[in-house]
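In: coords please:
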Amino acid sequence: MDFEGKKLVVIGGASGMGLKAAEDVIAQGGSAVIVGRPGRKLDDAVAGLSRSGSAWSIAADLADRNQVVEAQKQLAEDHPDATLLVNSAGFFMPKRFLDYEVADYDAYHDLNRATFFLTQTIVRGMVAGGRGGAIVNVGSMWAHQALAVTPSSAYSMAKAGLHALTHNLAIELAGEGIRVNAVAPAVTRTPLFEKVFPADQLDAAMEQLSGLQPLGRVGTPQDVASAIVFLLSPASSWTTGAILNVDGGVMAGRN
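Out: Sure, this is the predicted structure:
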């Protein structure tokens, strides 16, 4: 199997596409470490993964710098053998530019800060182990273009930074045999959107947003996870620095 003996770390993997990617890696012989906000969702996710293979949790609120430091320590001490990483933590709260408060802006960029230094910790282990590795960042279609229906300047700015990090690390780490790529999803039905729309409006909102994608539907967590797992796998061994649009055709054009 493609991931036999490989250990994956998923930052923000308690639900959605990160959790699906972990499920797929475990199904193909690997193991997974899920870093997520403390609580039942994280516990349930790891319990579910553990029914199929080896899985561990690291509880951390990525908005809390002290908790991020503790997560770095746990990763360095307990999982220096990880050679796969998915950065899938994120949230999406559309807001007009003139309505932003400092706290709204900081929330996005505190998450990028956590991602940056957690990635650094894991890469140190990859380099020390000398086994190479693969990293996939979950970016966004919104980093490529703006949509009037979902004003998201701070979110787009943060995700564009993650795309830039992808390119920079691909160059810096190529000599260590570490590949770094990203996926850029368009509208994908994950728990992220459950915080944008009330529960009784979610189905209608997803149906309305389906028209944005030329393929005529919103994405699923598995759609994006399949692309992530491809970029983690040996099947993409000559691919690094790529931003893969997994977006139903949005970046190709509009209906």
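
In: For the rest of this, base every contact and every neighbour count on C-alpha atoms.
Out: Will do.

In: Can you check the pLDDT for the most centrally placed residue in the chain?
Out: Note on the chain: the residue nearest the mean C-alpha position is Ser88, at 1.6 Å, using CA atoms, centre = their mean. Per-residue confidence (pLDDT) for Ser88: 97.

In: Begin at 47, not 1, for the rest of this chat.
Out: Sure, I'll start counting at 47 from here, so that last one is Ser134.

In: pLDDT weak spots in the stretch 197-301 of the chain?
Out: Counting by pLDDT under 70, the stretch 197-301 of the chain contains low-confidence ranges at 236-252, 254-255, 301.

In: now the strands for the stretch 97-246 of the chain?
Out: According to DSSP state E, counting those that start in this stretch, the stretch 97-246 of the chain carries its strands in the segments 101-105, 130-133, 179-184, 224-231.

In: Next, Lys66: secondary structure please.
Out: Applying DSSP: H, G, I helix; E, B strand; the rest coil to Lys66 yields a three-state assignment of helix.

In: er, Ala91 actually
Out: With three-state DSSP as the basis, Ala91 sits in helix.

In: what sits against it?
Out: When contacts are counted by CA atoms under 8 Å, 6 or more residues apart in numbering, Ala91 touches 60-61, 65.

In: Closest to Val184 out of these?
Out: Comparing these against Val184 with CA to CA picks out Leu65 as the nearest, at 12.7 Å.

In: Give me the nearest residue to the closest one, chain neighbours excluded.
Out: Using CA to CA, 6 or more residues apart in numbering and skipping the chain neighbours, the partner closest in space to Leu65 is Gly59 (4.7 Å).

In: which ones are touching that neighbour?
Out: Shown in contact with Gly59 (CA under 8 Å, 6+ apart): 65, 68, 80-82, 134-135.

In: How about Pro84?
Out: With contacts taken as CA under 8 Å, 6+ apart, Pro84 has the following neighbours: 105-107.

In: Please tell me which one of the residues you listed counts the most neighbours.
Out: Ranked by the number of neighbours (other CA atoms under 10 Å), the contacts of Pro84 place Ala106 first, at 22 neighbours.

In: Closest to Pro231 out of the contacts of Pro84?
Out: Distance to Pro231, by CA to CA, is smallest for Asp107 among the contacts of Pro84, at 23.9 Å.

In: Tell me how many other residues crowd the residue lying closest to Ala271 once chain neighbours are set aside.
Out: What sits nearest to Ala271 in space, not counting adjacent residues and going by CA to CA, 6+ apart, is Ala67, at 4.8 Å. Neighbour count of Ala67, defined by other CA under 10 Å: 28.

In: Same check on the one 5 residues further on?
Out: The number of residues packed around Ile72, counting by other CA under 10 Å, is 24.

In: Assign a three-state SS to it, would you?
Out: Reducing the assignment to helix, strand or coil with three-state DSSP, the entry for Ile72 is helix.

In: export the contacts of Ala91 to a markdown table and tack on neighbour count and distance to Leu290?
Out: Converted to a markdown table, the contacts of Ala91 look like this (neighbours: other CA atoms under 10 Å; distance: CA to CA, whole Å):
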| residue | neighbour count | distance to Leu290 |
| --- | --- | --- |
| Ala60 | 27 | 23 |
| Ser61 | 22 | 21 |
| Leu65 | 25 | 19 |
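
In: Leu290: what secondary structure?
Out: Relying on three-state DSSP, one would call Leu290 strand.

In: Quick check: closest non-adjacent residue to it.
Out: What sits nearest to Leu290 in space, not counting adjacent residues and going by CA to CA, 6+ apart, is Val229, at 4.6 Å.

In: ditto for Gly207
Out: What sits nearest to Gly207 in space, not counting adjacent residues and going by CA to CA, 6+ apart, is Asn158, at 8.0 Å.

In: what about the one you found, how many neighbours?
Out: The tally of other residues near Asn158 (other CA under 10 Å) stands at 22.
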